[in-house]
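1. The following comprises the amino acid sequence and a computationally predicted model.
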Amino acid sequence: MSKAVFLDRDGVINRAIVRDGKPYPPADVSQTEVLPGVGSALRDLKAAGYLLIVVTNQPDVARGTTARETVEEINDFLRSRLPIDEFRTCYHDSGDGCDCRKPLPGSILSAAKNYDVDLSASFMVGDRWRDIEAGQNAGCRTIFIDYSYNEKQPETEVRRVSSLREAADVILGERA
């Protein structure tokens, strides 16, 4: 079986736009900035044999405030610069009843099935409570990048770090 690191996008891979203490995705590619240390962290995880799968909620598409093409352009921009195996993007809003919107684990579970991933040997890295719950609901180990956003925090005990680089170091230090 494979092992994977599931990653949120905004705030984990690229800089989130923070307004009033809350994170938002970049409006377009021109606002998309890969965070420091992300490239080396992902290369190190890839070299250690992890699949790298981005699992991202993009509800602004369902809300009509962002075009799906814009989200895909940002994903393509990041894919062209980083060793990411796949993007799994949920375009739904909270009331749509899909199972791919975090904190539900549908996107993680479908990716795990597709790639024959051992979830117990895999990680979910995110910067919001929904990411952590999705990973836990899927049976992954979780790591929370804590930016002290002015919003709900993970309710369970979770490993807290300050960057994806630090999360990668934790993961690589814990591998068997």
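-> Great, that's in hand.

2. Low-confidence ranges, the chain, go.
-> Residues of the chain that meet the criterion pLDDT under 70 lie in 175-176.

3. what helices or strands is the lengthiest strand in the chain leaning on?
-> Longest strand of the chain, by residue count under DSSP state E: strand 50-57. Helices and strands touching strand 50-57, by 3 or more Cβ pairs under 8 Å, 6 or more residues apart in numbering; DSSP states H and E, are strand 3-7, helix 38-47, strand 86-90, helix 106-115, helix 129-138. For every residue, glycine as well, the C-beta is placed using N, CA and C.

4. now it and strand 3-7, what's the angle there?
-> 30 degrees (axes from the mean of the first three to the mean of the last three Cα atoms, to 10 degrees).

5. partners of strand 50-57 in the sheet?
-> With DSSP bridges as the test, strand 50-57 is paired with strand 3-7 (parallel), strand 86-90 (parallel).

6. Mind listing residues that contact the last one?
-> Going back to what we said before, that points to strand 86-90. For strand 86-90, the external contacting residues (Cβ atoms under 8 Å, 6 or more residues apart in numbering) are 9, 51, 53-59, 71-72, 75, 78-79, 98, 100-102, 107-108, 110-111.

7. Mark which of those are buried, thanks.
-> Listed as buried from those are 9, 51, 53-59, 71-72, 75, 78, 100-102, 107-108, 111; burial here means 16 or more other Cβ atoms under 10 Å.

8. Would you work out how far apart the start and end of stretch 27-34 are?
-> 14 Å (Cα to Cα, to the nearest Å).

9. Please read the previous query as pertaining to stretch 17-33.
-> 10 Å.

10. For it, give me every contacting residue.
-> Stretch 17-33 has contacts (Cβ under 8 Å, 6+ apart) with 9-11, 14-16, 58, 60, 66, 70-71, 73-74, 77-78, 127-128, 147, 149-151.

11. Buried subset of those, written for ChimeraX?
-> Those of the contacts of stretch 17-33 that count as buried under 16+ other Cβ under 10 Å are selected in ChimeraX with:
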select :9,10,11,14,15,16,58,60,66,70,71,74,77,78,127,128,149
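
12. In helices only, show me the contacts of stretch 17-33.
-> Using DSSP state H, 70, 71, 73, 74, 77, 78 are the members of the contacts of stretch 17-33 that sit in helices.
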